[in-house]
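Q: Using only what follows, build the 3D model:
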Amino acid sequence: MERKPYYVTVQGGTSNGEVRGVKGSSSYDFEIIATEDEAIALDELFKEADNADTLGYFHSHFFSNILDTADQDHQKYDRLLNRIYETIYELGSDQTKADIEEMNILSLLSEEKPDSAFSTGPTMLQGNNDGKLNNNNE
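A: Take a look at the predicted model:
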């Protein structure tokens, strides 16, 4: 299959991104050189990320009594975002690869992040250190 330029926006309005075959007048974040199948696969990753993001929102706002559900959604979203940037890098033009390397985003996304001060993960909710929560709440 023939490779051609596609223009990728990672955060596009209410969606996590889009892949366009025409540059047009809209702004874009990255240029990739891909087959139609590769562009479709990247677009599918964006759709999966949208779904995980939406589920995370609903689980954290409406089902917060179910431990780990929203955290699992957020972890899935993070993994998908990492795959999106890896794919953009792999398919990227020389300028795209240079931009992503300069951003250092691939290594940042793949780092394992400890519970934040505002974590609602099971370690915070179950408590530790003689009943104190791990975010220094009494």
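Q: What are the phi and psi values at residue 5?
A: phi -70, psi 140 (degrees, to the nearest 10).
Q: show me what contacts it?
A: By Cβ atoms under 8 Å, 6 or more residues apart in numbering, the contact set of residue 5 is 23, 31-33, 93. Backbone N, C-alpha and C define where each C-beta goes, glycine included.
Q: before we move on, what about residue 85?
A: So residue 85 contacts 10, 100, 105-106, 109 (Cβ under 8 Å, 6+ apart).
Q: Now with 10 Å, please.
A: By Cβ atoms under 10 Å, 6 or more residues apart in numbering, residue 85 lies in contact with 10, 30, 45, 92, 100, 103, 105-106, 108-110.
Q: Ok, residue 6 next?
A: 18-23, 28, 30-36, 38-39, 42-43, 88, 91 are the contacts of residue 6 under Cβ under 10 Å, 6+ apart.
Q: out of these, which are buried?
A: Among these, those buried by neighbour count (16 or more other Cβ atoms under 10 Å) are 18-20, 28, 30-32, 34, 38-39, 42-43, 88, 91.
Q: These in strands, which ones?
A: 18-20, 30-32, 34 (DSSP state E).
Q: Are we agreed that residue 26 is in a strand?
A: No. Assigned with DSSP: H, G, I helix; E, B strand; the rest coil, residue 26 falls outside any strand and is coil.
Q: All good on my end, thank you.
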